[in-house]
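>>> this one's structure only:
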C-alpha cells in the first residue's frame, strides 16, 4: 500500500521577515524550509562540534530562535513554526 502524503506538510507557508533572511522569502512547504535551514546551518558551520544536536545561532538565526544562542534540533522546529504563516 502506498504511503499517503500529508497535505498539511506540503502546503506552502510564508516565512516571517527574520526567517526570510535565512531561507528566502518565497512561500514553501515545511519540508523545504527545514532543508534550506539545514543547508544554511551546515554552510555556516553552526552545528555544535561537541553536541551535534545543538545549533549555535549566528545573528540571523538568533532573530528566528527568539534571541537564544543555542537551541537543539527539536526546539528548532518548534521555534520555526512560529515564523511560518
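Thanks, I have it. Everything numeric in this text was worked out from a predicted model, so none of it was measured. Numbering: from 1, shown residues only.

>>> Residues touching stretch 63-78, excluding its own?
16, 18-19, 21-22, 34, 37, 48, 53-57, 62, 79-80, 82-83 (Cβ atoms under 8 Å, 6 or more residues apart in numbering). All C-beta spots, glycine's among them, are computed from the backbone N, C-alpha and C.

>>> one more time with 6 Å, if that's ok
18, 19, 53, 54, 55, 56, 57, 79, 83 (Cβ atoms under 6 Å, 6 or more residues apart in numbering).

>>> what's the distance between the third one and residue 27?
Same thing as residue 53. Applying Cβ to Cβ, to the nearest Å, the value for residue 53 to residue 27 is 29 Å.

>>> Same question for the fifth one.
Residue 55 sits 24 Å away from residue 27, going by Cβ to Cβ.

>>> Which one's more surrounded, those two?
residue 55 (24 against 14; other Cβ atoms under 10 Å).

>>> pretty sure that one is in a strand, no?
Yes: under DSSP: H, G, I helix; E, B strand; the rest coil, residue 55 falls within a strand.

>>> All set, thanks.
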